[in-house]
Each structure stands twice: as structure tokens, then as C-alpha cells.
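Chemist: 3D, please:
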Amino acid sequence: MMKSAAAIPKPLARLSNQPRVRDFLASAYAEGRLSHAYLFCGVPGAGMVEAAVALAQCVVCPNDADGTCEECVRVAHRTHPDVRFLSPGGVSGYLVDQVRELEADVAMTPVRAHSKVYVLDRVDQLRGTAANALLKTLEEPPENVMFILIARTADAVLSTIVSRCQQVPFRVVPPQLALADVSQRSGSGEREARIALSVAGTPDRAVEFLASSDRRNVRLKTVRLLCELANDDAWDVLVAAAGLCEEVQIAVGLRRRDKPAPKREKIITEEVRQRTAGQEEYYSKPMLKRLEDVVKRELSARERSGIIEVLAVTESFLRDVLVCCEGALEPIVNEDVSSSVEQIAHTATTAGVLRALDACAAARSDIAHNVTPQLALEVMLLAIKEALEWQPSYR
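Modeler: Numbers count the residues shown, from 1 in each chain. Alright, predicted model coming up:
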């Protein structure tokens, strides 16, 4: 354990909710004994992705992990060409092509930094040929390459992969501790921090949510849409869903409010240019094609994450409606829109709200199974309208 807080690199110092993890990684970094592969284990919301970002910043930063330089900022924004974030690309888990692309990328020299980092989320969904392909890379890792694998438990990951990683367990963060952390870091009140946590899930993401006026705007538009469902016909719902998807794209950086939406191909081209530091001519055509495929998946994942946040807003709002319907004594989360919560609770039933929450769960499942975000949102809103007995009408 590290005794001096001053010895902890700035990126790792942010892991205040996981002091054991923070000190363990800081000690390894200070002593130059970082492992080539880590397995972060814990429940969602424990801060494992945030810890992976912090460690990646330490690895690629040229300024002794200052946490503020251009390289660190790129890692935080997930635009650093030498830090890759991967998640399952298929309904049943990781695709073999994903791991093969990773293998090909591992063999290449870093673009900007002296090392490369690969962060693989939900590696419990790594099976079969894909798992064996990654195992070969873990067995004979190239120099200056680090893998950070993330899973709920080590038991859910193939034992052969676990044996080649250094395990780092994450504890469950108590709600009050997370609330205090968000309030302190964002400078917001307890009410705003509680809302942000209900939407974003983890303290780090909650702080990012509070710092983004666009994401907060999406939340308010979602609440307004839910309140208008009672008087909307089916066409109105579809139009509202399309408008909300546009707001999500603005919030996640896929388009600008003051300009027409750029073609997805243009966004991909610009992203590839950034990741190759403007030196595409030095890359082979197959490698550029693989990079384009990676960017396409990441852009889709970014949009899905924005829609997932809309679902979280909807679920949080509906749970507050349920609290009011049941006359429970516990306070609601969305206090700033309490009048809207009461408005819907006045006409809703407990059974109806529960069915509406089921519609949210179904939308999450649809998105996980690669249903387009806008379609999943449209189906969910129509289902909520029907569940709350606001019968669909048609023009």
C-alpha cells in the first residue's frame, strides 16, 4: 500500500471510492512493475471502466501521468489511437473477427505513445474461437502492450485466461459514499448528484453527466416527452422519438446543433484520420478497412450508450411515479420534476407503471440484440403509452 497520497498519479487519485485498487495500481506504476494483463472484477458501477481509463492514462502519458496533457485527454475521450476499448460485438458475445482485428492491431507499433493498451469489457462473454485467439496473444504478449479485462467475477471467465492475468477485485461502492463523491467532484447539490447517479450509474459518469449541458438537456426532453404521451397519437410518438434521437446524437458528439447531420461516412473518415495521426498512406488497405470497421462499431456503441441513458432516465422517472402511486414514504429521485411525476401518478395505476417499466427492460434487451436505437425507443414509448392506459390513437 502507498502511504503518501502525493505519490499517487493524478489519474489514479480519482479512484477514491476504491482505495485498495488505487494504491495497488499506483504502487505498481511507481515501482515499474505493471503487469501486461489485468482482470478487473466487480459489479457494474464499481468503477472498473474508470479505473481502466486511469491506468491507460498512466501508461501512455509522456509527462509522468499528469492526467491533463493531450494524450491523457484523448484517452479520457476514447480517441487515443493507442488505447482501444472493446465490448461484445455480437448478440452471444465477442466475435472472432473482433479478436482477429485486435491481434493484427497488437502487432503494429504504437501511433503516438510508446505503449498500447487494450480494454476489453464483459470478457465473460468471450468464448470459443474468440477466446482461444485472445489466449494466444496473452501467452506471448508483445513488448509494451497491456491488456485490461473487465468482468463481474473471475469465475465467469475462462480459467486459462484468468491464469494469465493479475486479478484486481473491486468492492461495491455504498450509495451514500457515491453520492458524496459526485457532489464533491462536481460542485453540485445532493439532489443533482442523486439524479445524475440514477441516470449515469457510476460516480465518474455522473460527474461527466453533470458537466454536459447536452446530456442534461436530453434528460429534460425525455421527461417532457413522457408527460406528453397521454395526448400524443402514434405519429406524434414516432416524431418525438426521432427528435429525441437527434438530441442524443448531439449529446454524444455525432452531430452539432448548428449544422446539418454529417454523413456517417464523413465522421468515420475523420475519426480514422485522427487515429492514424493523418498518416493513412502508411497503413495497408486491409488495416485501414479493419480500422474503419472498428470506428463504425464504436460510433454505433456511442449512440447506443446515449439511448441507454434515455432508458435510465425513463426508468428513474417511472420508479418515482410508482413511489407516488403506492404512497411510499421514501423521497423521489427526480425532485426537480416532481410536478410531472405527480401528474402521471394521478392517473396511473401500480400495475400500469410496472408494465411500463417492463417496456423499458424490453428496450434494453432489444438494443443488446442489435435492434436499432430509434426503433427500440419508438416501440418502448408506444408500449409505455399503452401500459399507462393512454390508448394509442391514429390519424
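
Chemist: tell me what the helix or strand containing Glu292 is packed against?
Modeler: Per DSSP states H and E: Glu292 is located in helix 285-326. Secondary-structure packing of helix 285-326 (3 or more Cβ pairs under 8 Å, 6 or more residues apart in numbering; DSSP states H and E): helix 96-106, helix 190-200, helix 213-228, helix 234-251, helix 264-275, helix 338-347, helix 350-368, helix 373-387. Placement of C-beta: from N, CA and C, glycine included.

Chemist: can you list those helices in TSV and add mean neighbour count?
Modeler: Supplementary listing: the helices and strands packed on helix 285-326 in TSV, determined by neighbours: other Cβ atoms under 10 Å:
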stretch	mean neighbour count
helix 96-106	18
helix 190-200	21
helix 213-228	18
helix 234-251	18
helix 264-275	15
helix 338-347	16
helix 350-368	17
helix 373-387	21
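
Chemist: Can you name the residues that contact Val172?
Modeler: Gly42, Val43, Ala46 (Cβ atoms under 8 Å, 6 or more residues apart in numbering).

Chemist: Next, give phi and psi for it.
Modeler: phi -70, psi 130 (degrees, to the nearest 10).

Chemist: again with Gln166
Modeler: Gln166 adopts backbone torsions of phi -90, psi 120, taken as degrees, to the nearest 10.

Chemist: Glu71 now?
Modeler: Note on Glu71: backbone dihedrals following degrees, to the nearest 10 are phi -60, psi -40.

Chemist: Tell me which residues are up against stretch 144-157.
Modeler: Contacts to stretch 144-157, defined as Cβ under 8 Å, 6+ apart, come from residues 34-44, 48-49, 52, 55-56, 59, 106, 110, 114-124, 126, 137-138, 141, 161-162, 165, 167.

Chemist: for stretch 354-374, that is, sorry about that
Modeler: So stretch 354-374 is in contact with 91, 241-242, 245, 248, 303-304, 306-308, 311, 314-315, 318-319, 322, 375-377, 379-380, 383-384, 387-388, going by Cβ under 8 Å, 6+ apart.

Chemist: Can you list which of the contacts of stretch 144-157 are found in helices?
Modeler: Among these, the ones falling in helices (DSSP state H) are Met48, Val49, Ala52, Leu55, Ala56, Val59, Val106, Thr137, Leu138, Ile161, Val162.

Chemist: Report how many residues lie close to the last one.
Modeler: Which is Val162. Under the neighbour criterion other Cβ atoms under 10 Å, Val162 is assigned a count of 18.

Chemist: what's the answer for the second one, then?
Modeler: A total of 19 residues lie near Val49 under the criterion other Cβ under 10 Å.

Chemist: what do you get for the fifth one?
Modeler: By other Cβ under 10 Å, the residues close to Ala56 number 29.

Chemist: Can you tell me the closest non-neighbouring residue to it?
Modeler: The shortest distance from Ala56 to any non-neighbouring residue, by Cβ to Cβ, 6 or more residues apart in numbering, is to Val117 (4.3 Å).

Chemist: what's the answer for the first one, then?
Modeler: Closest residue to Met48 in three dimensions, ignoring its sequence neighbours and counting by Cβ to Cβ, 6+ apart: Phe40, at 4.2 Å.

Chemist: give the contact list for the one you found.
Modeler: Here Phe40 is in contact with Met48, Ala51, Ala52, Ile148, Leu149, Ile150, Ala151, Val168, Phe170 (Cβ under 8 Å, 6+ apart).

Chemist: hey, what's it bridged with?
Modeler: Judged by DSSP bridges, the bridge partners of Phe40 are Ile150, Val168.

Chemist: and which of the ones in helices among the contacts of stretch 144-157 is nearest to Val75?
Modeler: Lowest distance from Val75 to the ones in helices among the contacts of stretch 144-157 (Cβ to Cβ) belongs to Ala56, with 5.1 Å.

Chemist: per-residue confidence at the residue nearest the centre of the chain?
Modeler: Taking Cα atoms, centre = their mean as the criterion, Ser305 is the residue nearest the geometric centre of the chain, at 5.8 Å. On the pLDDT scale, Ser305 is placed at 88.

Chemist: Break this protein into its domains for me.
Modeler: Using automatic domain parsing, the domains assigned to the chain come out as 5-173, 212-387.

Chemist: What about the residue nearest to Ala56, how many residues nearby?
Modeler: Number of residues near Val117 (other Cβ under 10 Å) recorded here: 25.

Chemist: residues touching it, list them.
Modeler: Per Cβ under 8 Å, 6+ apart, neighbours of Val117: Leu55, Ala56, Val59, Val60, Asp82, Val83, Arg84, Val145, Met146, Phe147, Ile148.

Chemist: any idea how far Ala37 is from it?
Modeler: Between Val117 and Ala37 the computed distance is 11 Å (Cβ to Cβ, to the nearest Å).

Chemist: and Met108, what is it in contact with?
Modeler: With Cβ under 8 Å, 6+ apart, Met108 has these contacts: Met287.

Chemist: Tell me the secondary structure of it, please.
Modeler: Here Met108 is recorded as coil under DSSP: H, G, I helix; E, B strand; the rest coil.

Chemist: do the same with Lys259
Modeler: coil.

Chemist: give me the number of residues near it?
Modeler: 7.

Chemist: tell me what the helix or strand bottoming out on mean pLDDT in the chain is packed against?
Modeler: In the chain, the helix or strand scored least confidently by mean pLDDT, DSSP states H and E is helix 264-275, which has a mean of 77. Helices and strands touching helix 264-275, by 3+ Cβ pairs under 8 Å, 6+ apart, are helix 285-326.

Chemist: Return the distance of the helix it packs on from the chain's centre.
Modeler: The chain centre lies 8 Å from the centre of helix 285-326; the measure is Cα atoms, centre = their mean, to the nearest Å.

Chemist: can you check stretch 88-106 too?
Modeler: Distance of stretch 88-106 from the chain centroid (Cα atoms, centre = their mean) equals 18 Å.
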